[in-house]
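1. quick one: sequence and predicted model below, then my questions.
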Amino acid sequence: MVLLKGNASCQGCPHSIAFKALSYLENPIVLMPAGCSTVIAGLHPNSSLEIPCVHVPFPATPAVSYGLSTGLKKRGIKANVVAWMGDGSVDISYSLLTGSALRNDDIIVIVVDNEAYMNTGVQSSGTTFWKAKTTTSPKGKREERRDVALQMALHRVPYVATASIGYMRDFIKKVKKAGKVEGFRFIHVHCPCPPGWGFESSKTVEIARKAIQCRAWILWEYENKKFRISNISKKARGNGLKDYLLSQARLRHLSDEDIEEIRRRIEEEWKLLEHLEKL
């Protein structure tokens, strides 16, 4: 179960869906910085989570997680320590995150990515989608978007994967794999946000699946130094991009030329991942 009823999540919140995957880990302990997830979890001494939850400062999440993991080992306690971070938290603690990957710290990092700083007013983050409107990019984001998962894989850590709340079986399978591996493990989860993206709260899973089908989000794994595109994404034909983009208020300003540019970027990303799979 993990997440109790009556929590403070928005209707259709993708994080409340993603939390369910933690129930498939043996003895999970979750650490999280400020964000939507902390609002859902609630304040001490109360909690909406059935598992231990530690609230930590924004920049320190990977370091505190590793400290807890090491301390538990010293005491002979077996646990899966999970650094549960948003994309904004990745921006703020990136230097510690990459350092943790370089040291191969024994933690699981799960990034629930709703592509903006949603909890503080929908400001643009490093992973905000190309040309998306936010309160800090009112005409559409001009910068490139950061591929955090691929950056983590380049650290040659034991396990990295991308996932989606639209395909929970795939996500759960990857969480289970991560729970059986020692060292630094990283799962980047696509989490469409109804109020932040501008779509009806009943359509969260539908939007998430559309992203996969048009390859705006690609599912893959890096395991034992081998890269593999997940079967769900291999079966996707890359169709329906315009429908996916225009189903969100943040992207309805896009012209046909903008959409074609995004299509080209997605095709470039797909070719890169295909190349990595062949190595």
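-> Noted; the coordinates are in hand.
2. next, count neighbours for S201.
-> Residues near S201, counting by other Cβ atoms under 10 Å, number 12. Using the backbone N, CA and C atoms, a C-beta is placed for each residue, glycine as well.
3. is W217 part of a helix or strand, or is it coil?
-> Assigned with DSSP: H, G, I helix; E, B strand; the rest coil, W217 falls in the coil class.
4. so where do the strands sit in this protein?
-> 28-32, 53-55, 80-86, 108-113, 159-164, 185-190, 220-223, 226-229 (DSSP state E).
5. wait, which of the ones you listed is closest to G140?
-> strand 108-113 (18.8 Å; Cβ to Cβ).
6. how far off strand 80-86 does that closest one point, in degrees?
-> 20 degrees (axes from the mean of the first three to the mean of the last three Cα atoms, to 10 degrees).
7. make a markdown table out of the strands of the chain and add mean neighbour count.
-> Below are the strands of the chain laid out as a markdown table (neighbours: other Cβ atoms under 10 Å):
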| stretch | mean neighbour count |
| --- | --- |
| strand 28-32 | 23 |
| strand 53-55 | 17 |
| strand 80-86 | 27 |
| strand 108-113 | 26 |
| strand 159-164 | 28 |
| strand 185-190 | 27 |
| strand 220-223 | 21 |
| strand 226-229 | 15 |
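8. mind putting those strands into a markdown table with distance to D147?
-> Below are the strands of the chain laid out as a markdown table (distance: least, Cβ to Cβ, whole Å):
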| stretch | distance to D147 |
| --- | --- |
| strand 28-32 | 23 |
| strand 53-55 | 28 |
| strand 80-86 | 16 |
| strand 108-113 | 11 |
| strand 159-164 | 9 |
| strand 185-190 | 9 |
| strand 220-223 | 11 |
| strand 226-229 | 13 |
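9. could the ones you listed be laid out in JSON lines, adding distance to Q151 and mean pLDDT?
-> Output for these, formatted as JSON lines (distance: least, Cβ to Cβ, whole Å; pLDDT from 0 to 100):
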{"stretch": "strand 28-32", "distance to Q151": "21", "mean pLDDT": "97"}
{"stretch": "strand 53-55", "distance to Q151": "26", "mean pLDDT": "94"}
{"stretch": "strand 80-86", "distance to Q151": "14", "mean pLDDT": "98"}
{"stretch": "strand 108-113", "distance to Q151": "11", "mean pLDDT": "98"}
{"stretch": "strand 159-164", "distance to Q151": "9", "mean pLDDT": "98"}
{"stretch": "strand 185-190", "distance to Q151": "9", "mean pLDDT": "98"}
{"stretch": "strand 220-223", "distance to Q151": "11", "mean pLDDT": "98"}
{"stretch": "strand 226-229", "distance to Q151": "14", "mean pLDDT": "98"}
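10. looking at those strands, which is closest to P45?
-> Between P45 and the strands of the chain, the tightest spacing by Cβ to Cβ is seen for strand 53-55, at 11.6 Å.
11. distance check, T70 against K133.
-> 43 Å (Cβ to Cβ, to the nearest Å).
12. which one's more surrounded, those two?
-> Neighbours were tallied for T70 and for K133 using other Cβ under 10 Å; the higher tally belongs to K133 (23 against 13).
13. surely that one touches L254?
-> No - look at K133 against L254 with Cβ atoms under 8 Å: they stay out of range, at 9.7 Å.
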